[in-house]
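Build me a structure from this.
(2 chains)
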Amino acid sequence: MKRWKGSPCDVDSWVALPVLSDEQSQDVELVEVYAAPILDKKETSRLVRELNSLCPLSGLQHVKRVRPCSERPHTLEVLMCLVSDVPKMQVVSIDSLLPSGGINCNGLGEPFVVKVPARAPLTRPQFELASQHWPTSFHEDKQVTVALRGELFSHHQKERIHAYMASAVTAAREGGVAGMEAIGAVVVDPKTERIIAVGHDCRRKHPLHHAVMVVIDLVARSQGGGFYGFDSYPACRFTSASSVQTEAQIENGTQPYICTGYDLYVTREPCVMCAMALVHSRIGRVFYGVTSADGALGSKFKIHTQKDLNHRFEVYRGVLSRECEDLHSMDDHIKKDRGE
Amino acid sequence: MGTEEGSKEESVELFCPSEEEIERWMARAFDMAKEALENGEVPVGCLMVYKDEVVGKGRNEVNETKNATRHAEMVALDQVLDWCWQSSLDVKSVCERIALYVTVEPCIMCAAALRLLNIPVIVYGCRNERFGGCGSVLDVSSADLPHTGTQFKCISGHRAEEAVDMLKTFYKQQNPNGEKQNHSACLFFLLLMLHYQNVLYFHTLLLLFLHYYSFSSFLTVLNFLSVSAPKPKTRKE
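Below is the predicted model of the structure:
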């Protein structure tokens, strides 16, 4: 299989966005906390120290104890305790919030209720939203931040990604012409920039031969295994591992195990079966074009982030989204012609 | 082709194996698992029964095919499809009247495949805490997935302890033995090479040995994981 020669391609026509876990993508959840103004600034460090030992605000370590507020007469506000930790009361006073004698309340004003972020922010968008409610600390994962801006991949990387997905689109079209659903998939070894396998959906022939299942078996073929023959479909092909083995690999006699370290490019978001097949195959990363209704890498499930599973991987969506969307309409045309 | 129109309606409502059938077919599945264990294979038995006839059975074929999707259920489903094609029967109407008997809960992938083929009911022994797709990790069997075939019914817990014990025995046997063989084979290879090679090569060889060793134990781990079995610690069933 020849390497794709990079003819000028419009890599600016799409953005690859990461498909993050629910924890990373959910809205900011808030929790009610009593706060009080610090009327005498000189008392601040003593108050914070005493409050920290008396009401440690467990589970809210990400929330800063004190916030500045410039628009009010007092300049600082301090968190007292969780609303849920004290019994409900009609009139709230400092004394009713804190055990008597536990703290010297000099310099504290009348308490009030504020909402603070219940969980530590995991992404910059979550951090920015959280900070609107109360100052919050944030341990930034720079890669996630850059990825969410759609700027993770360099121009060269985008060209490669574009080329691989273009191969998947071509395979999808060929599959569509052969009467299958127009879905294509390509497995690539990113270290050598080589295509290992190309395949398309074959479910007219076998109901479980979705494009991903086809390429997984083709990768197995490339390593001397494999169970099915897809030889009757010229667009389903593989490069045998021996011809792409690097010198180092030949030297120490190792072969890649299944899909470890490989990337998958697929025109449509994989279903549950295919997504789990990718977990079992130890895929490195997955790039897909468009989402699917029952998709398991973002839509219905996020199998790649599932905590209980023993392998997780990165997923990016939106690669060549327009071209992949067009395949969908090709599918609809074929179905219409068949009267489905 | 297929079942008669009349029986179709009741197939959805009433198709469910009787206690007697469960007892009988699960006994067969357990025999298969035992046989596998005796042959040093993953002790999982899996049968697909249509009209009192076994139309598919399978064992894990991941290692020989290097295809991590060749779980026992997937192998059995392939046999069902072949059987339908050979008998010129409509796949969907056959599958709608098939019951799967399996000693361990199917993984998420297999559960989705069973849905895609409209298998209505499965009977299984023990839970699969690592990959289970019928409630242990995800519940694919009853999830709202309108484009992924039909939901199926699960009858679980049949001889569960026995199924777990077989898996435990298998991993107890496999892990220490496998390691030992790897050790001795590697060491023998290393010593043989040292005998013939210049000492200068020692460093390279040592690296090679370590590389091979870590790779092989990595393979053992992968094999261990790909059979969709729960960890000994988590097997509470």
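
switch to C-alpha atoms for all contacts and neighbour counts from now on
Fine.

can you pull the pLDDT of A:Arg3?
At A:Arg3, the pLDDT value in this model is 48.

which residue sits closest to residue 22, ignoring its sequence neighbours?
Picked chain A for this. Leaving aside its chain neighbours, A:Asp22 sits nearest to A:Lys302 (8.0 Å; criterion: Cα to Cα, 6 or more residues apart in numbering or on different chains).

look at chain B instead
B:Val123 (7.4 Å).

The one you found: how many residues sit nearby?
25 (other Cα atoms under 10 Å in any protein chain shown).

just B:Tyr101 next, same as before
28.

Correct me if wrong: it contacts B:Tyr50.
No: between B:Tyr101 and B:Tyr50 there is no contact under Cα atoms under 8 Å: 11.3 Å.

got the contact list for A:Tyr220?
Heads up, residue A:220 is Ala, not Tyr. A:Ala220 makes contact with A:226, A:258, B:65-67 under the criterion Cα atoms under 8 Å, 6 or more residues apart in numbering or on different chains.

could you dump the stretch of helix or strand A:Val286 belongs to to CSV, C-alpha only?
Per DSSP states H and E: A:Val286 is located in strand A:285-290. Extracted C-alpha coordinates of strand A:285-290, given in CSV (Å, rounded to 0.1, in the frame of the first residue of the first chain):
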residue,chain,number,x,y,z
ARG,A,285,-6.6,6.5,19.4
VAL,A,286,-9.8,6.8,17.4
PHE,A,287,-10.8,9.5,15.0
TYR,A,288,-14.3,9.6,13.5
GLY,A,289,-16.1,11.9,11.2
VAL,A,290,-19.7,12.1,12.3
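
Just give me how far the longest strand along chain A sits from the chain centre.
Longest strand in chain A by number of residues (criterion: DSSP state E): strand A:30-38. Mean C-alpha position of strand A:30-38 versus that of the full chain (Cα atoms, centre = their mean, to the nearest Å) differs by 33 Å.

Which positions in that strand come out as buried?
A:33-38 (16 or more other Cα atoms under 10 Å in any protein chain shown).

nearest to chain B, of the residues you listed?
A:Val33 (35.1 Å; Cα to the nearest Cα).

part of a strand, is the residue nearest to B:Ile22?
Yes: B:Val123 forms part of a strand when assessed by DSSP: H, G, I helix; E, B strand; the rest coil.

Correct me if wrong: it contacts B:Val102.
Yes: B:Val123 lies in contact with B:Val102 (Cα under 8 Å); the separation is 6.3 Å.

which residues do these two both contact?
B:Met26.

Would you map out the domains in chain B?
Listed domain ranges for chain B are B:4-173, B:178-228 (source: automatic domain parsing).

on that earlier part again, what about the residue nearest to A:Asp22, how many residues nearby?
Neighbour tally, A:Lys302, other Cα under 10 Å: 19.

That one bridge partners, please.
Judged by DSSP bridges, the bridge partners of A:Lys302 are A:Leu297.

for it, what are its contacts?
Here A:Lys302 is in contact with A:21-22, A:296 (Cα under 8 Å, 6+ apart).

Flag every residue of chain A that's near chain B.
A:207-208, A:213, A:216-217, A:220-221, A:223-227, A:252, A:254, A:257-258, A:271-277, A:280-281, A:293-294, A:300, A:308-310 (Cα under 8 Å from any Cα of the partner chain).

and B:Val54, helix, strand or coil?
Quick answer, by three-state DSSP: B:Val54 is strand.

Next one, pLDDT for it please.
For B:Val54, pLDDT reads 96.

For the residue lying closest to it once chain neighbours are set aside, give its distance to B:Thr150.
Leaving aside its sequence neighbours, B:Val54 sits nearest to B:Met48 (Cα to Cα, 6+ apart; 5.7 Å). B:Met48 is 17 Å from B:Thr150, where distance means Cα to Cα, to the nearest Å.

what helix or strand is the closest residue in space to A:Glu32 that isn't next to it in sequence on?
Leaving aside its sequence neighbours, A:Glu32 sits nearest to A:Lys115 (Cα to Cα, 6+ apart; 4.5 Å). Following DSSP H and E, one finds A:Lys115 within strand A:112-117.

and that strand, average pLDDT?
On average, strand A:112-117 scores 94.

Contacts for that strand next, please.
Contacts of strand A:112-117 (Cα under 8 Å, 6+ apart): A:28-36, A:63, A:83, A:92, A:130, A:133-134, A:136.

out of those, who's nearest B:His158?
A:Glu29 (42.4 Å; Cα to Cα).

ok, stretch B:131-144 near chain A or not?
Yes: using Cα under 8 Å from any Cα, stretch B:131-144 reaches chain A at B:131, B:137.

so what's the backbone phi/psi at the residue lying closest to A:Val86 once chain neighbours are set aside?
The shortest distance from A:Val86 to any residue other than its chain neighbours is 6.7 Å, reached at A:Leu97 (Cα to Cα, 6+ apart). Main-chain torsions, A:Leu97, degrees, to the nearest 10: phi -90, psi -30.

and what of A:Lys307?
phi -60, psi -40.

picking up where we left off before, lowest mean pLDDT across the domains of chain B, which one is that?
Looking at those, the bottom one is domain B:178-228 with a mean of 44.

got the domain boundaries for chain A?
Chain A breaks down by the TED database into domains covering A:30-118, A:153-338.

Give me whichever of these is most buried.
Mean neighbour count (mean count of other Cα atoms under 10 Å in any protein chain shown) peaks for domain A:153-338 among these, with a mean of 21.

and whichever residue of the stretch 51-200 of chain A sits closest to chain B, backbone torsions?
Residue of the stretch 51-200 of chain A nearest chain B, by Cα to the nearest Cα: A:Ala197 (13.5 Å). For A:Ala197, the backbone dihedrals (degrees, to the nearest 10) come out as phi -150, psi 150.

who touches it in this structure?
Taking Cα under 8 Å, 6+ apart, one finds A:186-188, A:215, A:218-219, A:222, A:236-239 in contact with A:Ala197.
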